[in-house]
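Student: Build the 3D model from these lines:
(chains A and B)
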Amino acid sequence: MLEVLTNPNGFFHKKINDEVEMKTPLMIMAVLAVISAISAVLVIQKTMELLPPEAAPFASIGIVLGVIGAIIGTILMWVIYTGAFYIISMFFGGDGSFKRLLEFSSYGFIPSMANGLLSTYYTIDLFDKIDFNNPEMIEQTLTADPSMKIATVIGLIFLLWSANIWVFAISYARNISVKNAAITVGLPVLLYMLYTVSQFF
Amino acid sequence: MSLYNMNLKILIVTLMILVTSTSFAHADTEIQPTVSLNYDIEPDVLMPGDTGTVKVTLQNMAKGEMYVEEDDETLDMNAYIASASLDGNSAIRILDKSYTDIGLMGPGDALELTFNIKARDNASNSVHFLDLELVGGSNMYDFNYRIPVKIDDRNLKVIVSNVPSNLMKEISTVGVEVVNRRPNEATSVIVSPSGKNMAFSPAEFFIGSISQGNKSYATFTLNTINCDSGYQDIEFEITYFNGDNLHSTETISKNVNIVDQSPLVFTSLETTKIGNTYTLSGDLNNFGVTDAKNVIISINEKDNVTPVQPFSNYFIGTLEADDFSSFELSAKILSDEISSIPIIIEFRDTDNAYTYMKKEISISEESVISNPEENANSTGSWIFAGIIAIAIVAVIAYSWKKRKKDDAQNPYEVPEDEEDEE
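Tutor: The predicted structure is shown next:
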């Protein structure tokens, strides 16, 4: 399966001849959801440490909500990305099924696992520097601290890796040229990258 | 001792007033009551425009019984005073002119007659005589006497004896001498200093009485911390009483140069940065001439500058003149636009008055020692990000190269537009 990271063209070339198989994609997204959930739990725990003792009972509620939110968010992200690719590829005459695209696009989230782990590390590191007693300054601290910038840059690099996988995934799943697949992927990815860059730089 | 310098001037005049017609003596003996006259002027020396009093005291100097038997005759020893009046002149006005129908004074009795007087505004410096006229006795004889009243317009004078020509923005001690050039005592002398943005402690100095020809000192603690730099005037004014008359001197000014230099100076400053937290350490030196008590140095919180415990402030205690103390402070900076950290130094001056100074410590890149560990962490993170970026770009490039190679060996049926492109 790791071939998808280094040779997505060859991986999907073989995979397109197989029946649609959702077991592996679900596992990939489950792992990603777990990483997101762990990240959410750590962030919530850090936040709760700063709250008064009276708020302690709400910590468990917050953690549960955080885990549910991380799982739902991961699933939604998968469906929304796939939906966007599906709709845009329609303009290029894409004819593959949504289910096939859902299967193939899930492999593009593998780099996001590493990105999720790194982001969690940097977020926890940043939380130690934030003065939560001064809410007005939180955003300024987030933008001023270099660790957040590094995490953002790394996130964008991993997104490029994901985009590379999605290009071949869409090309095979929707049976369109690599060039059209690159445009299909490039549009939302480029918009997201521009938005991220405008926020931090 | 001069006649005019005595507080109680006594001129004893022996008056021989025949009291009654029956007091005629026997052929060999005359029995006569004797009346003495004293006077007292308050204040001793008037200034033009002053009011004062002339108090005339009459006393029947006879002793013993009111009636004396002599050669089968009864002699009356009472003294009869019909009237007393005081006349003014071109320099002095008499406000209460005369007493009439005063009556009898028994042996040993005394009588005080007080006249209010006022020196005219244009009265010259001189001794002016007031005419006192007494009428009494059985024959209603007149007695005239001239009472000398001195007028002198000399004022008190301030001599600025201990005010330096150059002052820092500091707490210092200044002093003036108050000289009484008058020929009589000045009472309730108060010195009032003033100056733009200057604070004096005490605000006014009460000296009390200064006798003739003497001087007294007034010292003040002067705070010029909030003064503008450059030449400023320090002014001194004196108020005092001559008798019951309030007087003030002309304002005396002393021009001093306020130098833009604080008495509390930072040296050996080191600024260390860890993340967005800055740690300031160094020495605080007392460059002034007075001790600073209860000194506490703190981060002066403002937008995007937050003090960080445990060194949000640092207590030094008493910082004597010509001494120094180390300190350490921490602050979190939450904006790139902050170029200096505001510091407030609070202390009490020699009079225990609360005082403060505000200063700034630069945190520009040149003056900050970045934490090596922090730098290493930050650099390491960026290197790590760079390696990941290169690795990912390499993987992406490899994937495209591999695709090209695979397509050459095992062509995949690609859509038409790609074929056209190739």
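
Student: all contacts plus neighbour counts: C-alpha atoms, from now on.
Tutor: Fine.

Student: if you skip the residues just before and after it, what's nearest to the closest residue to chain B within chain A?
Tutor: Closest approach between chain A and chain B, counting by C-alpha to the nearest C-alpha: residue A:7, at 4.5 Å. Taking C-alpha to C-alpha, 6 or more residues apart in numbering or on different chains as the measure, residue A:7 lies nearest to residue B:399, with 4.5 Å between them; neighbours along the chain are not counted.

Student: in what helix or strand does the one you found lie?
Tutor: With elements taken from DSSP states H and E, the one containing residue B:399 is helix B:372-409.

Student: hmm, back to that, quick check, the residue nearest to residue A:7 in contact with residue A:11.
Tutor: No - using C-alpha atoms under 8 Å, residue B:399 and residue A:11 do not qualify as a contacting pair, with a distance of 10.3 Å.

Student: Show me which of those two is the more surrounded one.
Tutor: In this view residue B:399 and residue A:11 are compared by other C-alpha atoms under 10 Å in any protein chain shown, and residue B:399 has more residues nearby, 22 against 18.

Student: how close does that one sit to residue A:3?
Tutor: Using C-alpha to C-alpha, to the nearest Å, we find residue B:399 at a distance of 10 Å from residue A:3.

Student: which strand is the longest one in chain B?
Tutor: Scanning chain B for the longest strand, with DSSP state E as the assignment, gives strand B:230-242.

Student: Output the contacting helices and strands for it.
Tutor: Under the contact definition 3 or more C-alpha pairs under 8 Å, 6 or more residues apart in numbering or on different chains; DSSP states H and E, strand B:230-242 sits against strand B:156-162, strand B:186-194, strand B:245-248, strand B:252-259.

Student: what does the stretch 201-350 of chain B put close to chain A?
Tutor: The stretch 201-350 of chain B has residues B:275, B:276, B:304, B:334, B:335, B:336 near chain A, with proximity defined as C-alpha under 8 Å from any C-alpha of the partner chain.

Student: Now the buried members of those residues.
Tutor: Neighbour-count burial (16 or more other C-alpha atoms under 10 Å in any protein chain shown) is assigned, among those, to B:275, B:276, B:304, B:334, B:335.

Student: residue contacts, the closest residue to chain A within the stretch 251-400 of chain B?
Tutor: Distance from chain A to each residue of the stretch 251-400 of chain B (C-alpha to the nearest C-alpha) is smallest for residue B:399, at 4.5 Å. When contacts are counted by C-alpha atoms under 8 Å, 6 or more residues apart in numbering or on different chains, residue B:399 is found next to A:6, A:7, A:8, A:9.

Student: thought the third one was touching residue A:168?
Tutor: What that stands for is residue A:8. Yes - counting by C-alpha under 8 Å, residue A:8 touches residue A:168, with 6.2 Å between them.

Student: between those two, which one's more packed in?
Tutor: Neighbours per residue (other C-alpha under 10 Å) separate residue A:8 from residue A:168, with residue A:168 holding more: 31 against 26.

Student: The more buried one should be in a helix, yeah?
Tutor: Yes - the assignment for residue A:168 by DSSP: H, G, I helix; E, B strand; the rest coil puts it in a helix.

Student: picking that back up, can you tell me which two in the residues of the stretch 201-350 of chain B next to chain A are farthest apart?
Tutor: Taking C-alpha to C-alpha as the measure, these span a maximum distance of 14.4 Å, between B:275 and B:304.

Student: Helices of chain A, residue ranges please.
Tutor: When secondary structure is read from DSSP state H, chain A shows helices at A:3-6, A:8-15, A:23-49, A:57-90, A:98-107, A:110-127, A:138-144, A:146-173, A:178-200.

Student: Turn these into TSV, columns for mean pLDDT.
Tutor: TSV is the format used below for the helices of chain A (pLDDT from 0 to 100):
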stretch	mean pLDDT
helix A:3-6	84
helix A:8-15	88
helix A:23-49	86
helix A:57-90	88
helix A:98-107	91
helix A:110-127	82
helix A:138-144	59
helix A:146-173	87
helix A:178-200	87
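
Student: element containing the residue in the stretch 101-250 of chain B that chain A sits nearest to, please.
Tutor: When distances are taken as C-alpha to the nearest C-alpha, the stretch 101-250 of chain B approaches chain A most closely through residue B:226, which lies 32.8 Å from it. Assessed by DSSP H and E, residue B:226 sits outside every helix and strand.

Student: hmm, back to that, dump the residues of the stretch 201-350 of chain B next to chain A into CSV; add secondary structure as well.
Tutor: Formatted as CSV, those follow (three-state DSSP):
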residue, secondary structure
B:275, coil
B:276, coil
B:304, coil
B:334, coil
B:335, coil
B:336, coil
